[in-house]
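Undergrad: mind looking at a prediction? Sequence and model below.
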Amino acid sequence: MDTAQINHKKAFNMLFVLEFWERFGYYGLQAVLALFFVRSLGMTDAESFVVFGAFSAMVYGYVAIGGYIGDKILGTQRTIIIGAITLMLGYALMAFSGSNRTLVFIALGTVACGNGVFKANPSSLLSKLYEDDQSRLDSAFTMYYMAVNIGSFFSMVLVPIIGGKYGLTMGFSICAIGLVLAISSFVFFRYLVKGLDSPAGLEPLSFSKLFAVIAGIIIMIFISAWMLTNLTVAHWLLTIIGLTVFAVYFKLLFQSHGAERSKMLASIILIVEAIVFFVLYQQMPTSLNFFAINNVEHNILGIHIANPEVFQALNPFWIMIASPILAWLYNHFGDKGADLSMPAKFTVGMLLCAISFFVVGFSRHFANSHGIVSAWWIVASYFFQSVGELLISGLGLSMISKLVPKRLLGFLMGAWFLTTAIAAVIGGWVAKFASVPRNVTDPLQTLPIYTDVFTKIGICTAIVTVIMFLTVPFLKGLINKTDD
């Protein structure tokens with residue numbers, strides 16, 4: 001391996017560590033947030049699902065803005081640092097907010113804005129790192145996605161356990177520490193990506209632009225906190241942001257020509273398909289989490305699970321197992337020219353997600369006399385959904401990198417994350433159908449509520465899968481089109 005390849009690998013490892021610690025912080029918060037709303041803020045299950053959905057929508061809805069800041073204003077690397085610092089402050093504030101709703105919502109607004117500023121930029125940097133090696137891009141993003149899930153696995157195990165034993169102040173503090181480590185790793189090893197940046201990042205720092213961005217973040221934090229108490233306004237704002245971003249996308253689409261236009265059209269269709277997946281993904285920290293708490297046996301392999309929120313860690317666990325296998329398969333079949341197309345991978349991923357919900361829906365037929373099902377049902381469900389996630393969400397950034405013009409990369413990666421924001425709101429409302437009234441605690445009563453909704457979700461997802469399968473040849477034609 002020559003010096004250039006070694007430096008290339010070191011740069012990837014640095015971005016891997018950066019994403020590991022950033023996601024460690026975020027998923028630690030996500031693991032306990034819906035339950036925190038119920039137990040500390042006195043919300044009903046249904047209210048907690050909707051507020052969680054609104055918060056998640058902000059987290060991902062702001063990403064296009066962060067992509068634009070990285071592309072056009074401050075540069076990719078500077079924006080990463082500002083976003084990570086904002087996230088750290090948000091988790092620290094969450095640790096000291098207790099049951100004070102005002103402080104909790106300000107903390108969550110800070111996290112949402114920090115994530116929005118940060119999220120699109122490391123993946124944009126990664127795509128620049130592999131700009132001259134497109135054949136390895138699917139594999140690189142799959143391994144990068146594994147960093148996301150290694151971080152989320154450890155935080156989803158540690159934060160619920162430590163929070164349950166020592167209080168969530170300690171749990172949220174751990175999230176803040178994760179961001180301190182993310183910032184430190186990037187600052188100390190930033191030299192590995194020297195020269196890899198957007199045009200704005202290669203220019204001298206403009207302090208006026210820096211102060212304008214910081215002021216904008218502070219204003220948006222308080223607006224976000226206010227919107228969490230006024231969800232109708234939050235949903236309207238997301239709608240406006242979504243329509244604006246997609247209007248800009250379609251303007252760019254119609255301004256393009258030939259193969260570039262075909263690829264951008266294919267990418268927008270795949271983005272719409274991904275919205276369905278993210279609605280399903282939103283069930284893990286909401287309805288599936290509460291199902292695990294209320295109707296799943298709290299032991300596995302003889303090990304007692306004192307904090308059933310930990311079952312959410314099955315998602316990153318399976319992704320850690322499957323990521324290197326899929327990465328190897330992509331490289332192996334890619335070298336032979338026999339790899340599945342991106343639309344086909346999305347379709348297989350959606351099929352696996354449908355199966356995952358049929359599994360938990362079917363589990364009701366094997367419940368014991370108390371309405372409790374074996375933990376292996378949720379283990380199997382998470383397996384299918386996690387592999388499906390790798391084929392859709394895990395490759396989404398790779399898809400954007402391959403199909404859109406490089407000059408628009410940060411903004412359009414933000415548009416990709418906007419699909420999560422739209423789906424978060426929809427997912428919160430879908431989860432609401434599986435909410436249990438406050439006075440219902442008998443597992444025999446909660447079991448049919450959860451499993452009926454999961455079965456219906458599985459049926460709808462299977463129908464979507466068939467539609468996606470029928471569109472695969474059309475999308476392949478768009479993606480493979482070349483200018484004569």
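TA: Ah, there it is. Numbering: from 1, shown residues only.
Undergrad: V425 contacts A54, doesn't it?
TA: Yes: the pair V425 and A54 qualifies as a contact (C-beta atoms under 8 Å) at a distance of 6.7 Å. In short, each C-beta sits where N, CA and C put it, glycine included.
Undergrad: buried residues in the helix or strand hosting E389, which are they?
TA: If you go by DSSP states H and E, E389 is part of helix 375-403. Buried residues in helix 375-403, counted by 16 or more other C-beta atoms under 10 Å: 375, 377-403.
Undergrad: picking up where we left off before, tell me which of V425 and A54 has more neighbours.
TA: Between V425 and A54, counted using other C-beta atoms under 10 Å, A54 has the larger neighbour count: 27 against 24.
Undergrad: how about the helices of the stretch 101-250 of the chain, start to end?
TA: Applying DSSP state H, counting those that start in this stretch to the stretch 101-250 of the chain gives helices spanning 101-118, 120-129, 137-166, 168-188, 207-228, 231-255.
Undergrad: of all these, which lies closest to L444?
TA: helix 137-166 (26.0 Å; C-beta to C-beta).
Undergrad: quick one: mean pLDDT over that closest one.
TA: For helix 137-166, mean pLDDT is 80.
Undergrad: where in this protein is pLDDT low?
TA: 1-8, 131-139, 394, 397, 406-407, 409-411, 413-414, 417, 483-484 (pLDDT under 70).
Undergrad: in which helix or strand would I find the closest residue to L192 other than its chain neighbours?
TA: Excluding its sequence neighbours, the residue lying closest to L192 (C-beta to C-beta, 6 or more residues apart in numbering) is A11, at 4.3 Å. Secondary structure from DSSP H and E places A11 in helix 3-41.
Undergrad: packing partners of the helix holding E389?
TA: When contacts are defined as 3 or more C-beta pairs under 8 Å, 6 or more residues apart in numbering; DSSP states H and E, helix 375-403 sits against helix 120-129, helix 137-166, helix 258-281, helix 287-295, strand 299-300, helix 314-335, helix 342-362, helix 409-432.
Undergrad: which elements pack onto the fifth one?
TA: Read it as strand 299-300. Contact here means 3+ C-beta pairs under 8 Å, 6+ apart; on that basis strand 299-300 packs against helix 375-403.
Undergrad: ok, the second one next?
TA: If contacts are counted by 3+ C-beta pairs under 8 Å, 6+ apart, helix 137-166 sits against helix 3-41, helix 120-129, helix 168-188, helix 314-335, helix 375-403.
Undergrad: next, the angle helix 375-403 makes with it.
TA: Inter-element angle recorded for helix 137-166 and helix 375-403: 140 degrees (by axes from the mean of the first three to the mean of the last three C-alpha atoms, to 10 degrees).
Undergrad: buried ones in helix 137-166?
TA: Here helix 137-166 shows 137-163 as buried, counting by 16+ other C-beta under 10 Å.
Undergrad: same question for the third one.
TA: Counting neighbours by 16+ other C-beta under 10 Å, one finds that the buried residues in helix 258-281 are 260-271, 273-281.
Undergrad: so T79 makes contact with I65?
TA: No: counting by C-beta under 8 Å, T79 does not reach I65; the two are 10.2 Å apart.
Undergrad: of the two, which one has the most company?
TA: T79 (29 against 22).
Undergrad: ok, the residue lying closest to the more buried one once chain neighbours are set aside - contacts?
TA: Among residues not flanking T79 along the chain, G70 sits closest, at 4.0 Å (C-beta to C-beta, 6+ apart). Residues counted as contacts of G70 (C-beta atoms under 8 Å, 6 or more residues apart in numbering) are T76, T79, I80, A120, N121, S124, S198, A200, G201, G410.
Undergrad: swap in 7 Å and give it another go.
TA: T76, T79, A120, N121, S124, S198, G410 (C-beta atoms under 7 Å, 6 or more residues apart in numbering).
Undergrad: contacting residues for the fourth one?
TA: With C-beta under 7 Å, 6+ apart as the criterion, the residues that contact N121 are G66, G70, T76, T79, I80, G410.
Undergrad: what's the closest non-adjacent residue to I479?
TA: A266 (4.9 Å).
Undergrad: now that neighbour: how far from A247?
TA: Going from A266 to A247 by C-beta to C-beta, to the nearest Å gives 19 Å.
Undergrad: does anything pack onto the helix or strand just after the helix holding A11? Which helices or strands?
TA: Remark: after helix 3-41, the chain's next helix or strand is helix 45-61, criterion DSSP H and E. Under the contact criterion of 3 or more C-beta pairs under 7 Å, 6 or more residues apart in numbering; DSSP states H and E, helix 45-61 touches helix 3-41, helix 101-118, helix 207-228, helix 231-255, helix 409-432.
Undergrad: kindly recompute the last result at 10 Å.
TA: In terms of contacts (3 or more C-beta pairs under 10 Å, 6 or more residues apart in numbering; DSSP states H and E), helix 45-61 is packed against helix 3-41, helix 101-118, helix 207-228, helix 231-255, helix 258-281, helix 287-295, helix 409-432.
Undergrad: which positions in the fourth one come out as buried?
TA: Of the residues in helix 231-255, those with enough neighbours to count as buried (16+ other C-beta under 10 Å) are 231, 234-235, 237-238, 241-242, 245-246, 248-249, 252-253.
Undergrad: which elements pack onto it?
TA: Using 3+ C-beta pairs under 10 Å, 6+ apart, helix 231-255 is in contact with helix 45-61, helix 63-68, helix 207-228, helix 258-281, helix 409-432.
Undergrad: need the nearest residue in space to S99, chain neighbours excluded.
TA: S40 (4.7 Å).
Undergrad: pretty sure that neighbour is touching S97, no?
TA: Yes: in terms of C-beta atoms under 10 Å, S40 counts as a neighbour of S97; the distance is 9.4 Å.
Undergrad: more neighbours: which of those two?
TA: Neighbour count, other C-beta under 10 Å: between S40 and S97, S97 has more, with 20 against 16.
Undergrad: so who does that one touch?
TA: By C-beta atoms under 10 Å, 6 or more residues apart in numbering, the contact list for S97 reads S40, L103, V104, F105, I106, A107, L108, L168, T169, F172.
Undergrad: verify the contact between the third one and G42 for me.
TA: No: applying C-beta under 10 Å as the test, V104 and G42 come out as separate, 11.8 Å apart.
Undergrad: who has more neighbours out of those two?
TA: Using other C-beta under 10 Å as the criterion, V104 and G42 rank with V104 on top: 21 against 12.
Undergrad: for the more buried one, give its distance to G171.
TA: Relative to G171, and taking C-beta to C-beta, V104 is found at 14 Å.
Undergrad: over to S341?
TA: On the measure of C-beta to C-beta, S341 and G171 end up 42 Å apart.
Undergrad: so which of these two has more stuff around it?
TA: Neighbours were counted for S341 and for G171 using other C-beta under 10 Å; G171 has more, 26 against 14.
Undergrad: if we ignore the residues flanking it in sequence, what's nearest that one?
TA: Spatial nearest neighbour of G171, excluding adjacent residues (C-beta to C-beta, 6+ apart): G163 at 3.0 Å.
Undergrad: over to Y27?
TA: S152 is the one closest to Y27 (C-beta to C-beta, 6+ apart), at 3.5 Å.
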